[in-house]
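1. what's the 3D shape of this:
(one chain, ligands or ions: 1)
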Amino acid sequence: MATTAAPIQLENSVTEFLGKPRKMLIGGKWVEAASGKTFDTINAATGEVLARVAEGDREDIDRAVQAARRAFEQGPWPETPPSERARLLWRLSDLVDQHREELAQLETLDNGKPLFFSRIVDVPTVIEVFRYMAGWATKVEGNTIPISMPGAKYFAYTLREPVGVAGQIIPWNFPLIMAAWKLAPALAVGCTVVLKPAEQTPLTALRLGELIQEAGFPDGVVNIVPGYGETAGAALAAHPGVDKVAFTGSTEVGKLIATAATGNLKKVSLELGGKSPNVVFADADLDSAIPGSANAIFFNQGQICTAGSRLFVHKSIFDKVVDGVAEQTKHFTVGPGIDPATNLGPLVSKEQLDRVCGYLESGAREGAKAVVGGRKIGGTGYFVEPTVLVDVKPQMKVVREEIFGPVVTAIPFSDPDEVMTFANDTVYGLASAIWTRDLSKAHRMAAKLRAGTVWINCYNVFDPALPFGGYKQSGWGREMGHAALELYTETKSVCAQL
Ligand code: ADP
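-> Just a heads-up that it's a prediction; the model follows:
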């Protein structure tokens, strides 16, 4: 592992954005919190304050929900034709494209992730998601339904209508992508939104809010309220004026959201944690399976809900694959994300660093051995070594719980039935992967895996057209693709006697 410290010159627009306290977007205006309170967002690479942000709470959420409700029921939005919603989304994607370097830099400073990835993954994904969902705006259709009731003739059809005001609560690991995943389908079908970014990373969502205004979305259609989960987030999840809540984050908080939503039985979709199995069979092409397995766990410093955190390797190639994955870590350049040479950045926060280190200590205490890594990296910022653990047992915390850091447990297996039992032995069911040259085995295994996504000979391949979500405690509902429209629409049956 090499280390770097040669940050680039920031864009002027980034310096200006960080130079002023950031407000919240309610009803088309940038306003202070009702309480006047602010909180600091921190540079993950240095631990220093990056910017001061208005701290939303219950009263601000209430103002934002009222603005979203007004925009849903009155004003230009309900009269905006689908083709115009499509044009607005496309215009927004163009604006993100025009500001791609600025957004990439802001994302990296706030989250810590390497600028290299913000440039080639985060910002381009956001552009594609808005473009893809722009295409759906004009294609939200109902059906005509044949009616069999005797005695009369009927004409019946269904309408797909926007569910109403959507409350959207997003995490810190892909702040801008998560904002796009949530906003794009909701706006495509005609909902209005109150978005609450994560307290660790509010900046790109707030900058996106300015671009949303510039694109021409009517006031109140998108409201953005930064603030803490237990206050602003909880108020949004419980608010009686919200028709639907969409959440991405931990399973623990997902359960709180589902409970809070019962007050008015708002619709709920949840994209939660994972402990994804990554299975390497003896016949795999190791030239791709080894780097692929390393990327499966180390991409975004392991701070991704699909992280391939349980590596199962056939016993005949176990040492070779484990040593190969460990060897891959030597190619990482660790440093502040804002240095373009960095490809492994810091974790997002001190809290996250302590959490990951807690798991490393627990693994060591319970007898796991680190083939590589196993410690935090000293100095400033929240850096931890990429880590491969062996000699692990099924009941260890490092095997059962989501670490959300660059830590993988490697476990040998002897036959396909055994490894499918291991793979499915988790409360989660978000993602999984299989590496093999035997296609029929791959598809047999794909059918057996209890997970919302199965990758075959690849990992972390996402597409705006591909439904994404979890089995078991990894969530409710599917985002992306056609499936995302179902999260934000109601079906109305209309039946007329002729
Ligand atoms: P993590 O544990 O990885 O920080 P969380 O699930 O706590 O992830 O956070 C994801 C999002 O959920 C953030 O926007 C956070 O503010 C919000 N959040 C946290 N706690 C609550 C809560 N009790 N109610 C609503 N939202 C919450």
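2. pull the number of nearby residues for Leu18.
-> 20 (other Cβ atoms under 10 Å). Every residue, glycine included, has its C-beta placed from N, CA and C.
3. what residues does the helix or strand hosting it touch?
-> Secondary structure from DSSP states H and E places Leu18 in helix 12-19. With Cβ atoms under 8 Å, 6 or more residues apart in numbering as the contact definition, helix 12-19 has outside contacts at 50-51, 99, 102, 105-106, 109, 203, 207.
4. just the ones in strands from those, please.
-> Using DSSP state E, the members of those that fall within strands are 50-51.
5. sorry, back to before: output the helix holding Leu18 in CSV with nothing but the alpha carbons.
-> In CSV, the C-alpha atoms belonging to helix 12-19 read as follows (Å, rounded to 0.1, in the frame of the first residue of the first chain):
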residue,chain,number,x,y,z
ASN,A,12,-13.7,28.0,-7.4
SER,A,13,-17.4,27.0,-7.2
VAL,A,14,-16.5,24.4,-4.6
THR,A,15,-14.6,26.9,-2.4
GLU,A,16,-17.4,29.4,-2.7
PHE,A,17,-20.0,26.7,-1.8
LEU,A,18,-18.1,25.7,1.3
GLY,A,19,-17.5,29.3,2.3
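6. quick one on the thing from earlier: identify the farthest-apart pair in the contacts of helix 12-19.
-> Of all pairs drawn from the contacts of helix 12-19, the greatest distance, 18.1 Å, lies between Leu50 and His99 (Cβ to Cβ).
7. do I have it right that Tyr454 meets Ile434?
-> Wrong residue type there; residue 454 is Val, not Tyr. Yes: Val454 lies in contact with Ile434 (Cβ atoms under 8 Å); the separation is 6.8 Å.
8. overlap of the contact sets of those two?
-> Contacts common to Val454 and Ile434, judged by Cβ under 8 Å, 6+ apart, are 445-446.
9. ok, Gly47 - contacts?
-> Taking Cβ under 8 Å, 6+ apart, one finds 350, 380-382 in contact with Gly47.
10. can you rerun that using 10 Å?
-> 346, 349-350, 380-382 (Cβ atoms under 10 Å, 6 or more residues apart in numbering).
11. can you check Arg131 too?
-> So Arg131 contacts 86, 89-90, 92-94, 96-97, 184, 464 (Cβ under 10 Å, 6+ apart).
12. which parts of this protein sit against the ligand?
-> With Cβ under 6 Å from any ligand atom as the criterion, the chain comes near the ligand at residues 169-171, 196, 198-199, 228-230, 233-234, 237, 249-250, 253, 256-257.
13. among those residues, name the buried ones.
-> Neighbour-count burial (16 or more other Cβ atoms under 10 Å) is assigned, among the residues of the chain next to the ligand, to 169-171, 196, 198-199, 229, 233-234, 237, 249-250, 253, 256-257.
14. quick one on the thing from earlier: more neighbours: which of Val454 and Ile434?
-> More neighbours surround Ile434 than the other of Val454 and Ile434, with 29 against 19 (other Cβ under 10 Å).
15. any idea how far the ligand is from that one?
-> Remark: distance between Ile434 and the ligand (Cβ to the nearest ligand atom, to the nearest Å) = 27 Å.
16. is that residue in a helix, a strand, or coil?
-> Reducing the assignment at Ile434 to three states with DSSP: H, G, I helix; E, B strand; the rest coil gives strand.
17. hey, what's it bridged with?
-> Val279, Ile456 (DSSP bridges).
18. for it, give me its contacts.
-> 277-281, 284, 289, 312, 416, 419, 423, 441-446, 448-449, 454-458.
19. same thing but 8 Å
-> 279, 281, 442, 445-446, 449, 454-457.
20. ditto for Lys275
-> 309-310, 399-402, 426-428.
21. mind doing that once more with 10 Å?
-> Applying Cβ under 10 Å, 6+ apart, the residues contacting Lys275 are 305, 307-310, 399-403, 409, 425-431, 473-474.
22. about what we covered before: tabulate the contacts of Arg131 in JSON lines, adding columns for secondary structure.
-> Output for those, formatted as JSON lines (three-state DSSP):
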{"residue": "Ala86", "secondary structure": "helix"}
{"residue": "Leu89", "secondary structure": "helix"}
{"residue": "Trp90", "secondary structure": "helix"}
{"residue": "Leu92", "secondary structure": "helix"}
{"residue": "Ser93", "secondary structure": "helix"}
{"residue": "Asp94", "secondary structure": "helix"}
{"residue": "Val96", "secondary structure": "helix"}
{"residue": "Asp97", "secondary structure": "helix"}
{"residue": "Ala184", "secondary structure": "helix"}
{"residue": "Pro464", "secondary structure": "coil"}
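23. with those residues in mind, which one is nearest to Phe318?
-> Of the contacts of Arg131, the one sitting nearest to Phe318 (Cβ to Cβ) turns out to be Pro464, at 37.0 Å.
24. mean confidence for the helix or strand hosting Glu161?
-> Here Glu161 sits within strand 154-162, counting by DSSP H and E. Mean pLDDT, strand 154-162: 98.
25. tell me the helix or strand right after that strand.
-> Taking DSSP H and E, what comes next after strand 154-162 is strand 165-169.
26. buried ones among the contacts of Arg131?
-> 86, 89-90, 92-93, 96, 184, 464.
27. mind putting the residues you listed into CSV with pLDDT?
-> Conversion of the buried ones among the contacts of Arg131 to CSV gives the following (pLDDT from 0 to 100):
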residue, pLDDT
Ala86, 98
Leu89, 98
Trp90, 98
Leu92, 98
Ser93, 98
Val96, 98
Ala184, 98
Pro464, 98
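28. the helices in the stretch 301-450 of the chain, which residues?
-> Assigned by DSSP state H, counting those that start in this stretch, the stretch 301-450 of the chain shows helices spanning 318-328, 350-365, 397-400, 416-424, 439-448.
29. reformat those as a markdown table; add mean neighbour count and mean pLDDT.
-> Listed next are those as a markdown table, based on neighbours: other Cβ atoms under 10 Å; pLDDT from 0 to 100:
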| stretch | mean neighbour count | mean pLDDT |
| --- | --- | --- |
| helix 318-328 | 19 | 98 |
| helix 350-365 | 16 | 97 |
| helix 397-400 | 18 | 98 |
| helix 416-424 | 17 | 97 |
| helix 439-448 | 14 | 98 |
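30. contact partners for the residue of the chain most remote from its centre?
-> Taking Cα atoms, centre = their mean, the residue of the chain most remote from its mean C-alpha position is Gly151, at 52.7 Å. The neighbours of Gly151, taking Cβ under 10 Å, 6+ apart as the test, are Gln497.
31. all good on my end, thank you.
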